[in-house]
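J.: Here is my input, please return the structure:
(chains A, B, C and D)
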2 protein chains.
Amino acid sequence: MDDRPTEKPDRVTIKTVAADAGVSVAAVSKVLRNAYGVSDALRLNVMETIDRLGYRPNVAARGMRGRTFTIGVLLVELGNPFLPEVIDGVNLVLAPSNYKAMFGVGRSQQTLEASLIESMIDYKMDGLILVAPQLKPEVLSTYARQVPIVVIGYHHPAALDFDTVNTDDLRGGELAVEPFLARGFRDILMLSLTPPGDGTVGVILQREIGYQKAMLAAGLKPRAIRLMRNDDSRFAEIDAVLTDPNRPEAIFCWSDLDAVHVLSAARRIGIRVPEDISVIGYDNSSVAAMPLIDLASVNQSGADLGARATEALMQRMEGRTGPVHWLQTPKLVERGSLGFPRKRKV
Amino acid sequence: MDDRPTEKPDRVTIKTVAADAGVSVAAVSKVLRNAYGVSDALRLNVMETIDRLGYRPNVAARGMRGRTFTIGVLLVELGNPFLPEVIDGVNLVLAPSNYKAMFGVGRSQQTLEASLIESMIDYKMDGLILVAPQLKPEVLSTYARQVPIVVIGYHHPAALDFDTVNTDDLRGGELAVEPFLARGFRDILMLSLTPPGDGTVGVILQREIGYQKAMLAAGLKPRAIRLMRNDDSRFAEIDAVLTDPNRPEAIFCWSDLDAVHVLSAARRIGIRVPEDISVIGYDNSSVAAMPLIDLASVNQSGADLGARATEALMQRMEGRTGPVHWLQTPKLVERGSLGFPRKRKV
DNA sequence: CATGATTTGTGTATCGTTCTACATTTAACG
DNA sequence: CGTTAAATGTAGAACGATACACAAATCATG
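T.: Next comes the predicted model:
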């Protein structure tokens, strides 16, 4: 008669543990949070019981009053091979702690991005790392007042409410021009991207500025083309650049992602790299290093950025309030896509 | 005198909404869950208030009693370019619903994997999608009894407690052999991988079986080499295969990831593709399609797998209890890495 | 050994929802 | 109208932890 579904697989709660160990719920909670006022004997007793019963605290319940020991990482998209590195960096720093990371993927839409951040806040995550978000600084500040936030790939050194972790993208832009100059190139094009969202804080603009600065310093005229965001049209745009009779002898690409497209298009059209054209990318992602690609690139260590950001976030969660703005110097990695200019005809 | 920190930024809760709308808390909750017993007038009133106040339900609090409207997706690692596709598929199906996805990254360690699954359960996520997990079926079943689970890239058609979504990897293995045979190759090697964790359910073994089946059916002797898991050593192993005087004329790789390494190594050593050796990969990832790589590959649409898995999970969360096992047929994409055998000497 | 200070453990209000049980209002129908 | 059934709204007990306030036990000290 008593065969009702037995729905309750009797989950072990803090109450179970307390009863089993013969102590109060409050005592167990104290041990869990290693709060003040716990004797070694008590701690040992409770720990043993927890292990034996396989107790795991309910994060949702925790989130209602205290911390969840979880941080949220917001990624705008996953196409860029630079991101897995960042994630590795985050996980590496988190590993020895009892914090865990959850990732949200935003698909480059501002509304979705905001809604994911809000979700993470609603989830009572203890802190957030945002990678190259497209939201305005004011909006970020609003969120930052609700939860500790560290941003990667977002230049806003004046920010008070959140930390930023970046490579010096301006310097990176300069760095890309230097080897071209050293090899005698004068006709150097930058293939950039129309900045999505609030472009003023993005990494792309900084790279453009660095490129321009270096060109002007060398007495050359900067020439930048901004690809449209739309993925289909960009291939046609790249083709147009390469088939132009006035085609440059050297191209600096804002990202390896598009640099690879340039190499592909060149191959298709019949332009040789590096004999006919030299290319430098940005990110030094794994594809760039492949012998068949062999693309020179500006190296920003994603793992380092992820690790630094995580450390900064931990500090902030521990109570630091003043902002920290970390800037890391990029380095150029030379590869086979880098040649020499051909003799000028006249 | 009354300048205490004003800690409370008066977050809008369901109580605030209820008070402001002049109804009970229970009424608001009903509207939120669109439960039975709400008049149009009430719904309208409450909705309006929610919008005006910018109320967002606290997920943690929700998790204590009802659903969180969040699903967890567990990824084993992010190196494989096949995964972003899966994620896109998941997000696509989720977009029109009010569910959100959070991702965990497991770094190929069984303990970490289990601990992330437990975290997601502790977080009271409503359902889980696991991509190529390395845990044993029994372990998965245990978890599946606590929360709806759908698994991608995990062959276990007998599973009762969870759903599986796969491409037919056995067929995929056969598919890879066919074009080789059609072109007259007889000396076809499979470059496989030592299966991590419980290999019997993994995709790799299935591909191996398919390869062997096709070879035997053609009256040929299967020859498979299993790379070690360790990332550093595998390059040396690949080199060894290529420099072997007895080197095969055709190689089928378990994944584009390693197929690309083969192409790289070949280039480095001076072996021409496809003149000296032909290669087929698996996954048809974006790198394979790049003109500079031009790698033939077995195509399993990651986006489709992600979408199917999400749909199955939704059904399961709606109450379905019987298992569903979806199998999708892969297709071969021919590309430039596919040549013809050289004349035999002798 | 009385007294105060410190350490250790407990009772219980609280967080923001959901959801069952119930009270009230409205509709339906002969 | 009167009676019953259906629809609509409300009260209040969970959920599982945290953390504040306090009691009890232990330790120092003159």
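J.: Flag every residue of the stretch 1-150 of chain A that's near chain B.
T.: Contact residues (CB under 8 Å from any CB of the partner chain) of the stretch 1-150 of chain A with chain B: A:9, A:56-64, A:68, A:70, A:72, A:77-79, A:81, A:83-84, A:87-88, A:91, A:100-105, A:107, A:115-116, A:118-119, A:122-124, A:145-146. Quick note: C-beta positions are derived from backbone N, CA and C, even for glycine.
J.: actually the stretch 151-300 of chain A, not the one I wrote
T.: A:Val260, A:Leu263, A:Ser264, A:Arg267, A:Arg268, A:Val287, A:Met290, A:Pro291, A:Leu292, A:Ile293.
J.: And the residue nearest the centre of chain A?
T.: Centroid-nearest residue in chain A: A:Val131, 3.7 Å away (criterion: CA atoms, centre = their mean).
J.: beta partners for that one?
T.: A:Ile152 (DSSP bridges).
J.: after the helix or strand in which A:Ala18 is found, next one along is what?
T.: A:Ala18 belongs to helix A:14-21 when assigned by DSSP states H and E. Using DSSP H and E, the next helix or strand after helix A:14-21 towards the C-terminus is helix A:25-32.
J.: Pull the distance from that next one to the chain's centre.
T.: Here the centre of helix A:25-32 is set off from its chain's centre by 37 Å, with CA atoms, centre = their mean, to the nearest Å.
J.: Kindly report the same for stretch A:325-339.
T.: 17 Å.
J.: what do you get for stretch A:250-261?
T.: Worked out by CA atoms, centre = their mean, stretch A:250-261 lies 19 Å from the chain centre.
J.: Contacts only, for whatever residue of the stretch 151-300 of chain A ends up closest to DNA strand C.
T.: Using CB to the nearest atom of the strand, A:Asp161 is the residue of the stretch 151-300 of chain A that sits closest to DNA strand C, at 21.6 Å. The contact partners of A:Asp161, taken as CB atoms under 8 Å, 6 or more residues apart in numbering or on different chains, are A:Leu140, A:Ser141, A:Ala144, A:Arg145, A:Ile149, A:Pro323.
J.: could you pull out the helices for the stretch 101-250 of chain A?
T.: A:110-122, A:137-144, A:169-182, A:203-217, A:231-243 (DSSP state H, counting those that start in this stretch).
J.: what angle sits between the fourth one and helix A:169-182?
T.: Our comparison of helix A:203-217 with helix A:169-182, counting by axes from the mean of the first three to the mean of the last three CA atoms, to 10 degrees, yields an angle of 40 degrees.
J.: Check the last one too.
T.: Helix A:231-243 and helix A:169-182 are oriented at 30 degrees to each other (the same axes, to 10 degrees).
J.: The next helix or strand after helix A:231-243 - which strands sit beside it in the sheet, and in what orientation?
T.: Scanning forward in sequence from helix A:231-243 by DSSP H and E, the next helix or strand is strand A:250-253. Sheet pairing of strand A:250-253 (DSSP bridges) gives strand A:188-193 (parallel), strand A:278-282 (parallel).
J.: Give me the contacts around the first one.
T.: Right, the one you point to is strand A:188-193. A:173, A:177, A:180-181, A:204, A:207-208, A:211, A:215, A:220, A:222-227, A:229, A:238, A:241, A:248-255, A:258-259, A:262.
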